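Asker: Let me see the structure of the following:
(one chain, ligands or ions: 1)
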Amino acid sequence: MPSGRGKGTGVLGIIGYPIEHSLSPVMHNAAFDYLGMEYRYLAFSVPPEALAEAVAGIRGLGLVGVNVTVPHKEKIIPLLDDLSLEARLIGAVNTVQRRENRLIGHNTDGRGFVASLRKRVKRPLRGSSVLILGAGGAARGVATQLLLEGVGRLTVTNRTPERAGELAGCLRKVKEDSVCVEIRTVRWASEGLAQALGETDFLINATSVGMLPRGDETPLLRTYLEALPKTAVVADLVYNPLRTRLLRESAEMGLEVVSGLGMLVEQAVLAWEVWFGREAPGKVMQEAAAAHLDCGEAGSITP
Ligand code: NAP
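Answerer: All right, here's what the predicted structure looks like:
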């Protein structure tokens with residue numbers, strides 16, 4: 001159990017801007033209720049100019065820890081005392097642990113994605129060929145972890161090609177200790193993309209395309225999806241809606257699909273374990289999150 005707080009309710013939270021739609025309070029408070037723990041998890045709306053004061057507040061108020069989301073994941077780093085290996089490699093923090101009065105930054109996004117995939121898909125990641133759509137913060141976390149898992153080829157494509165190039169450059173630095181053989185970029189919506197899809201085992205959408213309120217959009221038209229091998233797995237990081245258009249169309253073509261809800265839950269489970277050093281009630285957290293989402297067809301898609 002975390003130390004350094006007086007008797008009474010232990011407080012955790014998430015800092016971001018905007019933060020109103022975060023599902024983290026729902027998941028963590030459900031876990032506390034289930035285990036009868038005297039802790040509460042709150043959403044703190046922290047605009048960029050208030051980040052340093054908010055971090056001082058973690059120490060001053062004796063919070064157990066916080067999650068960190070957009071736009072603070074990178075900016076918070078210089079305000080912390082130390083970083084885990086993953087946070088250092090990814091260059092972003094989504095979980096802060098207060099240990100005595102030291103603040104340690106972790107990143108559970110990439111490991112959360114891989115844990116979610118492992119629970120739902122039998123196919124091994126090691127040696128596989130992965131294509132990532134997007135080059136933002138989530139793509140960086142997931143791609144870094146995939147390299148650590150030993151994927152064989154990582155292809156990045158992004159609407160803004162310069163960002164894909166930057167991400168590939170960062171990933172090549174991580175690559176040294178892994179068995180990855182190739183990191184490359186291809187042009188968004190190009191003939192090169194269609195060719196790369198033809199040799200893809202795992203297609204991962206790490207863009208925000210398809211997210212509500214624009215749930216009718218897809219990052220990859222059907223004509224591109226048709227280039228995938230029939231054995232490919234399609235994973236979406238977007239979890240709202242649970243059944244994105246990308247996943248619906250992929251499933252219609254007989255491809256195996258994985259929604260973003262699993263990653264959302266697993267990154268929260270891993271954060272919990274950083275704070276409390278014990279196993280989190282993942283099933284309770286998943287049910288709480290799913291109940292708040294557009295889950296009409298949750299049973300027919302692996303969440
Ligand atoms: P971000 O840093 O803002 O990156 C957004 C990415 O989406 C960029 O690659 C951007 O391309 C691309 N994009 C945005 N609009 C586009 C469009 N109309 N067409 C093509 N590409 C477009 O965001 P992020 O933090 O990486 O998050 C990305 C998504 O992952 C969000 O939907 C987020 O909710 C989800 N996510 C899910 C989890 C989970 O636990 N399941 C965790 C983290 C994030 P440009 O570079 O060209 O702008």
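
Asker: give me the number of residues near whichever residue of the chain sits closest to the ligand?
Answerer: In the chain, the residue that lies nearest the ligand is Gly136 (2.0 Å; Cβ to the nearest ligand atom). C-beta coordinates here come from the backbone N, C-alpha and C atoms, glycine included. A count of nearby residues for Gly136, using other Cβ atoms under 10 Å, gives 16.

Asker: so what's the nearest residue to it once chain neighbours are set aside up against?
Answerer: Nearest non-adjacent residue to Gly136, counting by Cβ to Cβ, 6 or more residues apart in numbering: Ala206, 6.8 Å away. Counting by Cβ atoms under 8 Å, 6 or more residues apart in numbering, Ala206 makes contact with Ile132, Leu133, Gly134, Ala135, Gly136, Ala138, Ala139, Val142, Ala143, Leu237.

Asker: Centre-most residue in the chain?
Answerer: Asp109 (3.7 Å; Cα atoms, centre = their mean).

Asker: Quick one: the helices in the stretch 151-300 of the chain, in order.
Answerer: Remark: helices assigned in the stretch 151-300 of the chain by DSSP state H, counting those that start in this stretch are 161-175, 191-197, 222-225, 245-252, 261-276, 282-291.

Asker: could you dump the longest one to PDB, C-alpha only?
Answerer: To tie it back to what came earlier, the one meant is helix 261-276. Provided in PDB are the C-alpha atoms of helix 261-276 (Å, rounded to 0.1, in the frame of the first residue of the first chain):
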ATOM      1  CA  LEU A 261     -11.300  -1.100 -24.800                       C
ATOM      2  CA  GLY A 262      -8.900  -3.900 -23.900                       C
ATOM      3  CA  MET A 263      -5.900  -1.500 -24.000                       C
ATOM      4  CA  LEU A 264      -7.800   1.100 -22.000                       C
ATOM      5  CA  VAL A 265      -8.500  -1.400 -19.300                       C
ATOM      6  CA  GLU A 266      -5.000  -3.000 -19.300                       C
ATOM      7  CA  GLN A 267      -3.200   0.400 -19.100                       C
ATOM      8  CA  ALA A 268      -5.400   1.200 -16.100                       C
ATOM      9  CA  VAL A 269      -4.700  -2.200 -14.500                       C
ATOM     10  CA  LEU A 270      -1.000  -1.700 -14.900                       C
ATOM     11  CA  ALA A 271      -1.200   1.800 -13.400                       C
ATOM     12  CA  TRP A 272      -3.100   0.400 -10.400                       C
ATOM     13  CA  GLU A 273      -0.400  -2.200  -9.900                       C
ATOM     14  CA  VAL A 274       2.300   0.500  -9.900                       C
ATOM     15  CA  TRP A 275       0.400   2.400  -7.200                       C
ATOM     16  CA  PHE A 276      -0.700  -0.500  -5.000                       C
END
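
Asker: near the ligand, which residues of the protein?
Answerer: 70, 109, 134-139, 158-160, 163, 206-209, 211, 219, 237-239, 260, 263-264, 267 (Cβ under 6 Å from any ligand atom).

Asker: repeat that with 5 Å
Answerer: 134-138, 158-160, 163, 207-209, 211, 237-239, 260, 263-264 (Cβ under 5 Å from any ligand atom).

Asker: Quick check: Val93 is in a strand.
Answerer: No. Under DSSP: H, G, I helix; E, B strand; the rest coil, Val93 sits outside any strand and is assigned coil.

Asker: Now the phi/psi pair for Leu85, please.
Answerer: phi -60, psi -50 (degrees, to the nearest 10).

Asker: how close does it get to Gln145?
Answerer: Distance, Leu85 to Gln145, by Cβ to Cβ, to the nearest Å: 11 Å.

Asker: ok, these two, which is more surrounded?
Answerer: Just comparing Leu85 and Gln145: by other Cβ under 10 Å the higher neighbour count belongs to Gln145, 24 against 10.

Asker: I'd guessed that one sits against Ala115; true?
Answerer: No. Gln145 lies out of contact with Ala115 (Cβ atoms under 8 Å); the separation is 9.6 Å.

Asker: hang on, the earlier thing: got a quick ChimeraX command for the buried subset of the residues of the chain next to the ligand?
Answerer: Only the buried members of these enter the following ChimeraX selection, criterion being 16 or more other Cβ atoms under 10 Å:
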select :134,135,136,137,138,158,163,207,209,211,237,238,239,260,263,264
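
Asker: from the residues of the chain next to the ligand, which ones fall inside strands?
Answerer: Using DSSP state E, no member of the residues of the chain next to the ligand falls in strands.

Asker: Got the domain ranges for this structure?
Answerer: By the assignment in automatic domain parsing, the chain contains the domains 10-108+263-291, 110-261.

Asker: Regarding the last one, how distant is the last residue from the first?
Answerer: Okay, so that is domain 110-261. Using Cα to Cα, to the nearest Å, one end of domain 110-261 lies 14 Å from the other.
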